[in-house]
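[1] return a 3D structure for these sequence lines:
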Amino acid sequence: YRFPNAERGTITGFIRKEFLQVTGDGKSTLWELMLKYSRVQFRLEEMSAKHKDKLQHILSPGEQYCLSPALNLSRGGKLVTLEKEKDDRLLKVFDYLSHYAGNFYYGRYDIRCESIEDLKHGKNFSILEYNGSGAEPHHVYGNGYNLWQACSILFLHWQALYRISKINHEKGVAYWDFVRGREFLNETARHVKKLKSLDKETPLT
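    Model prediction:
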C-alpha cells in the first residue's frame, strides 16, 4: 500500500505460490497418492472428477503431477513465505508500478517472473493479476502465524485502507454509500459463484 500523499509505499507481504501437486513413488496410483495427501483430503470429489481418466496411472519415482493449474489459495495453491527477500530494490519496483498506474494506493499483485533477482531488477516479469481493496493479504496464511498474529495483520491492512480513503476523501473523492456498496458486493458474489461453477465443470486436459 501507499498513502496518497507519500512517494514510497510499504510491502506488507511477499510469498511464492506452489501448485497443488503430488509426487510419484513408482508404486502408487494417482488416486492413492491423492488419498495420502492431506491438502487434497477435502477436494477428493473434485479431483476425482477432474482426473478420472488418470486415477489408476502410476507415477514414476519423483514424477510430479499437477492436480490444479490454479495457484490461488481457494483452489489448492500452497503459499510459501519470501519475507526475507523484501528489500529496497523490491520496493522500488512496486513504487514505480504504483506511480505509473496513477491513482494506485492498495492492492495485491500476482506476478510470474524468471527469478526474484530479475524481479528486483525490474525485468523478466509479468503481472498476471491485480487484486484491489477486497484482496486478502495472503502472507497471513504462508508464514505460520497464529490466530492473533493473523488478526493483527488484517487490522493493519484495514487501518491502511481507512487512512487512504480518508486522505482521498479530503481530496474530493466521494465515499460510496451503503446501497452502492451492497450492490457491488452482491454483484461480486454472483461473479465468484459463476467462476467456481465453471472451474468445477471444466476438466483438465
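[2] give the contact list for the residue positioned nearest the centre of the chain.
    Nearest to the geometric centre of the chain sits N72, at 4.9 Å (Cα atoms, centre = their mean). Applying Cβ atoms under 8 Å, 6 or more residues apart in numbering to N72 gives the contacts K17. Backbone N, C-alpha and C define where each C-beta goes, glycine included.
[3] let's see 10 Å
    By Cβ atoms under 10 Å, 6 or more residues apart in numbering, the contact set of N72 is K17, L79, D110, E129, N131, H138.
[4] show me just the buried residues among the residues you listed.
    K17, L79, H138 (16 or more other Cβ atoms under 10 Å).
[5] packing partners of the helix or strand of the chain with the lowest mean pLDDT?
    Least confident element among the helices and strands of the chain, by mean pLDDT, DSSP states H and E: helix 139-142 (a mean of 82). Packing partners of helix 139-142 (3 or more Cβ pairs under 10 Å, 6 or more residues apart in numbering; DSSP states H and E): strand 15-18, strand 78-81, helix 147-170.
[6] worst mean pLDDT among the ones you listed?
    When these are ranked by mean pLDDT, strand 78-81 comes last with a mean of 86.
[7] CSV please, covering the helices and strands packed on helix 139-142 and showing distance to S197.
    Shown next, in CSV, are the helices and strands packed on helix 139-142 (distance: least, Cβ to Cβ, whole Å):
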stretch, distance to S197
strand 15-18, 23
strand 78-81, 24
helix 147-170, 28
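[8] any weak-confidence spans in the protein?
    74, 142, 200-205 (pLDDT under 70).
[9] so which residues of it form helices?
    30-36, 44-50, 88-100, 116-120, 139-142, 147-170, 178-201 (DSSP state H).
[10] for the first one, list every residue counted as buried.
    If I follow you right, that is helix 30-36. L30, W31, E32, L33, M34.
[11] so how far is Q64 from the last one?
    If I follow you right, that is M34. 13 Å (Cβ to Cβ, to the nearest Å).
[12] give the residues shared as contacts by the two.
    V22.
[13] nearest spatial neighbour of A135, skipping sequence neighbours?
    R108 (4.2 Å; Cβ to Cβ, 6 or more residues apart in numbering).
[14] my read: that neighbour touches E129, true?
    Yes. Look at R108 against E129 with Cβ atoms under 10 Å: they come within range, at 8.5 Å.
[15] many thanks, I have nothing further to ask.
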